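J.: What shape does this take:
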Amino acid sequence: MSEQKYVLAIDQGTTSSRAIIFDHKGTIVSTGQKEHEQIFPKAGWVEHDPMEIWANVREVIGQALSKADLTRHDIVAVGITNQRETAVVWDRNTGEPVYNAIVWQDTRTQSIVDRLAGDEGTERFKSIVGLPLATYFSGTKIVWILENVEGAREKAEAGELMFGTTDTWVLWNLTGGTEGGVHVTDVTNASRTLFMDLETLEWRDDILEAFGVPKSMLPEIKSSSEVYGTVESSNLLREVPIAGILGDQQAATFGQAAFDAGESKNTYGTGNFLIFNTDTEIVHSKNGLLTTLGYKLGDQPAHYALEGSIAVTGSLIQWLRDNLGIISSAPEVETLANTVEDNGGAYFVPAFSGLFAPYWRSDARGALVGLTRYVNKGHIARAALEATAFQTREVLDAVNADSGVDLTELKVDGGMIANNTLMQFQADILGVPVIRPVVAETTALGAAYAAGLAVGFWANLDELRANWQEDSRWEPKMDDAERERQLRNWKKAVTKTLDWVDADTEA
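T.: Numbering: from 1, shown residues only. Model (predicted):
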């Protein structure tokens, strides 16, 4: 197909919505981006306004088309990628959300988790859905809305409410909303709800019954690469097919061309997410990882993955900027960290939303330990960067243990990989090379690839592999003794965060 045609990817992320246009080589042509408000009604609560997100998506589509001087006639397909576990519930008749979107970082549903776990524990459904019961996933967020929003339970039982992660919310609105909008999600997003059977790729009636969630609320589960519908007539992209959906981490893996067993990537964003492809085999973790869908192309077999999810990495740098004010922009953290030679003995465990993989401890809260009068803001900045690398090392150790095969290198993507200090420390603490691709926007690229494959813009996976190019590589320089000392101190620091939240602690 002519290189004069393009694919547009909508990346509906945790902090912003973006539209990125890619050419046939997988190169970025133009970008539109707009942040949305982060709403914190109470400690541990994180919300977004779905209507603001939808308005921003429309705006960034216009920005991207305008910057590239393109129209809908130049776009062959639209792909969507999204913050995966963030839950939106809306009225199917009015199109209005009944409550703000409850974000994946939100921890308000712990009592629901405890109630569902009962005597069977948090792994009650894990053999079926691949996930432990946790506040992270969207299923418990739906329950909270049904139990706490006036009239929601009655409307849901009457079939008047719809649920979706933000891919579904964007798709439904793009395809017409109340005027015939398509209510669909893909297997990767469905696998993050706690409701989808990994083997059948269908919603489990018995689990929905245990949660008390009517099946009528849920979108239809489709593959990650097929035509779901076309953009409605009032949009700048009218009549363009929407042909790809991948949750953000799976999209980044797809964008890194990690299509086969044993291939992996680590995304450095608001949180960090390491995904390890297990091909068509479902591997159940014994080391605190999640079993999830990797991708499914049309009617081909589903590909599965192990995932290590880390709640707080990039958002810790935002916290230094917005809450403490020790930097005025995120890139400044590297400059500040480089004013010192090391962390000065300080370790920062950012358990703001509890600890995710490999611990899954919702009772943990953040701790900055090892402080002396010697420690200054440079050491704190360095400790904040190092926290990302230490958490990644613990997840990588779990992947190695589950897979039985040690990773020999780590492909990376996401906003934080521009930080060379972090990337060098990451290589040092892992003891393996860290590799950055030329196109760092792999999340949007993966969604574009899925959409482009569905309409024949790209012929096959080999064509996508050929697009991948290495940009930079960091080799480990730290000696083994120093690496082990730092890891020992980090693990000691983690123990100081545990058992913080108890019966009389709010948050």
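J.: from here on, contacts and neighbour counts on C-alpha atoms
T.: Fine.
J.: doesn't Lys141 make contact with Val113?
T.: No - taking contacts as Cα atoms under 8 Å, Val113 lies outside contact range of Lys141: 10.0 Å.
J.: Pick out whichever of these two has more residues nearby.
T.: Neighbours per residue (other Cα atoms under 10 Å) separate Val113 from Lys141, with Lys141 holding more: 27 against 19.
J.: Help me confirm that the more buried one comes into contact with Ala87.
T.: Yes - between Lys141 and Ala87 there is a contact under Cα under 8 Å: 6.4 Å.
J.: so what's in contact with the two at the same time?
T.: Shared contacts of Lys141 and Ala87 (Cα atoms under 8 Å, 6 or more residues apart in numbering): Ile102.
J.: what touches both of Val113 and Lys141?
T.: By Cα under 8 Å, 6+ apart, Val113 and Lys141 have these common neighbours: Thr135.
J.: got the phi/psi numbers for the residue located most distally from the centre of the chain?
T.: No residue in the chain sits farther from the centre than Arg373, which is 37.8 Å out by Cα atoms, centre = their mean. Main-chain dihedrals, Arg373, degrees, to the nearest 10: phi -60, psi -20.
J.: Could you measure from it over to Gly121?
T.: Relative to Gly121, Arg373 is positioned 44 Å away (Cα to Cα, to the nearest Å).
J.: Next: Ala337.
T.: From Ala337 to Gly121 the distance is 42 Å (Cα to Cα).
J.: Quick one: residues contacting the nearest residue to Gln38 once chain neighbours are set aside.
T.: Nearest residue to Gln38 in three dimensions, chain neighbours excluded: His48, at 5.9 Å (Cα to Cα, 6 or more residues apart in numbering). By Cα under 8 Å, 6+ apart, the contact list for His48 reads His36, Glu37, Gln38, Ile39, Asn100, Ala101, Ile102, Val103.
J.: Taking the residues you listed, tell me the two that lie furthest apart.
T.: Across the contacts of His48, the longest distance by Cα to Cα is 13.9 Å; it joins His36 and Ile102.
J.: of these two, who's got more company?
T.: Set His36 next to Ile102 and count neighbours by other Cα under 10 Å: Ile102 wins out with 27 against 18.
J.: surely that one meets Asp49?
T.: No - applying Cα under 8 Å as the test, Ile102 and Asp49 come out as separate, 9.1 Å apart.
J.: Name the nearest residue to Leu355, sequence neighbours excluded.
T.: Nearest one to Leu355, counting by Cα to Cα, 6+ apart, is Arg361 at 5.1 Å.
J.: Could you check how far stretch 381-395 is from the centre of its chain?
T.: Using Cα atoms, centre = their mean, to the nearest Å, the distance from the centre of stretch 381-395 to the centre of the chain it belongs to is 18 Å.
J.: Pull the residues that contact that stretch.
T.: Contact with stretch 381-395 is made by 272, 274, 289, 308-310, 312-313, 316-317, 333-334, 336-338, 340, 342-343, 346-350, 357-358, 422, 425-426, 429-430, 487, 490, as judged by Cα under 8 Å, 6+ apart.
J.: Of those residues, just the buried ones, ChimeraX syntax please.
T.: Selection of buried members from the contacts of stretch 381-395 for ChimeraX, criterion 16 or more other Cα atoms under 10 Å:
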select :272,274,289,308,309,310,312,313,316,317,333,334,336,337,340,343,346,347,348,349,350,357,358,422,425,426,429,430,487,490
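J.: where in this structure is pLDDT low?
T.: For the chain, the stretches flagged by pLDDT under 70 are 1-3, 503-507.
J.: Remind me which helix or strand Trp490 belongs to.
T.: helix 480-495 (DSSP states H and E).
J.: Which other helices and strands does that helix contact?
T.: Packing partners of helix 480-495 (3 or more Cα pairs under 8 Å, 6 or more residues apart in numbering; DSSP states H and E): strand 347-349, helix 420-430.
J.: Tell me which of these lies nearest to Asn266.
T.: Taking Cα to Cα, helix 420-430 is the member of those nearest to Asn266, at 11.1 Å.
J.: Show me what that closest one packs onto, helices and strands only.
T.: helix 377-403, strand 434-437, strand 470-474, helix 480-495.
J.: out of those, which comes closest to Thr109?
T.: Of all these, helix 480-495 sits nearest to Thr109, with 23.3 Å by Cα to Cα.
J.: Just want the angle from that closest one to helix 377-403.
T.: Here the directions of helix 480-495 and helix 377-403 differ by 90 degrees (axes from the mean of the first three to the mean of the last three Cα atoms, to 10 degrees).
J.: got the angle between helix 480-495 and helix 420-430?
T.: Relative orientation of helix 480-495 versus helix 420-430 (the same axes, to 10 degrees): 100 degrees.
J.: CA-only coordinates of helix 480-495 in CSV, if you can.
T.: Only the C-alpha atoms of helix 480-495 are listed here, as CSV (Å, rounded to 0.1, in the frame of the first residue of the first chain):
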residue,chain,number,x,y,z
ASP,A,480,28.5,-7.7,41.6
ALA,A,481,29.3,-6.9,45.3
GLU,A,482,27.9,-3.4,45.0
ARG,A,483,24.8,-4.6,43.2
GLU,A,484,24.1,-7.1,45.9
ARG,A,485,24.6,-4.5,48.7
GLN,A,486,22.2,-2.1,47.1
LEU,A,487,19.6,-4.8,46.5
ARG,A,488,19.9,-5.9,50.1
ASN,A,489,19.3,-2.4,51.3
TRP,A,490,16.4,-2.0,49.0
LYS,A,491,14.7,-5.1,50.2
LYS,A,492,15.2,-4.0,53.8
ALA,A,493,13.6,-0.6,52.9
VAL,A,494,10.5,-2.5,51.4
THR,A,495,9.9,-4.2,54.8
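J.: Buried ones in that helix, by neighbour count?
T.: By 16+ other Cα under 10 Å, the buried positions in helix 480-495 come out as Leu487, Trp490, Ala493, Val494.
J.: Name the nearest residue to the last one, ignoring sequence neighbours.
T.: The reference is to Val494. Val349 (6.3 Å).
J.: out of the buried residues of helix 480-495, who's nearest Ala401?
T.: Leu487 (17.1 Å).
J.: Quickly note the distance from the nearest residue to the closest one once chain neighbours are set aside to Gln300.
T.: Of all residues not flanking Leu487 in the chain, Phe390 sits nearest, at 7.3 Å (Cα to Cα, 6+ apart). Distance, Phe390 to Gln300, using Cα to Cα: 37 Å.
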